[in-house]
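Asks: prediction below, plus the sequence it came from.
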Amino acid sequence: MAYFQDASYYLQKIRDPLADYQEQKGVPREELYSFLSLLTTLCQHSYNAFVVIFAMLYNLSPMMDSILCVLRFLLDKMIEISQTQNLQERTHKVLIFVGQLSVLGAVGFMIYTLIIFPIVNLISAIALCTWGWINPHMA
């Protein structure tokens, strides 16, 4: 009997800080956490995470516009260089264009590695896990 009282004491010691934390979030300290409450909370948090992931994807849409801006810049510069008649002026424009391309490459690399790649990696991991749940023999 003393063993169960000791176990109850230690379980209560673990529960108290957790209850303090949840009380700050609006869950009453003495409320018994039922299975239905747990499922409701899990569904709400899953929905919020789902919305955040799609908001992240939606907020990446301006990147498509920036790709079009870069393409327009490249085409305009190449047309300008090809229409230049003077060899010295053309060489000068080509050197400036190469410098601009290197800066664009560095910025593009940073954008890809810091913003796009982690998000694509996250989405692909979620898709693969979901596919594995749907069809476990194909994953």
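Replies: Ah, there it is.

Asks: quick check: which ranges of this structure have low pLDDT?
Replies: For the chain, the stretches with pLDDT under 70 are 1-4, 135-139.

Asks: check which residues of the helix or strand containing residue 40 are buried.
Replies: Applying DSSP states H and E as the criterion places residue 40 in helix 35-59. Going by neighbour count (16 or more other C-beta atoms under 10 Å), nothing in helix 35-59 comes out as buried. Using the backbone N, CA and C atoms, a C-beta is placed for each residue, glycine as well.

Asks: other residues contacting the helix or strand just after that helix?
Replies: Note on helix 35-59: by DSSP H and E, the next helix or strand toward the C-terminus is helix 61-82. Identification of contacts with helix 61-82 by C-beta atoms under 8 Å, 6 or more residues apart in numbering yields 90, 93-94, 97, 100, 104, 108, 111, 115-116.

Asks: same check on stretch 103-114?
Replies: The contact list for stretch 103-114, computed with C-beta under 8 Å, 6+ apart, reads 63, 70.

Asks: now stretch 127-134 - C-alpha only, CSV.
Replies: Only the C-alpha atoms of stretch 127-134 are listed here, as CSV (Å, rounded to 0.1, in the frame of the first residue of the first chain):
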residue,chain,number,x,y,z
ALA,A,127,4.0,13.9,-48.1
LEU,A,128,6.2,10.7,-47.8
CYS,A,129,4.9,10.0,-44.3
THR,A,130,1.3,10.5,-45.4
TRP,A,131,1.9,8.3,-48.4
GLY,A,132,3.4,5.6,-46.1
TRP,A,133,0.3,5.7,-44.0
ILE,A,134,-2.0,5.4,-47.0
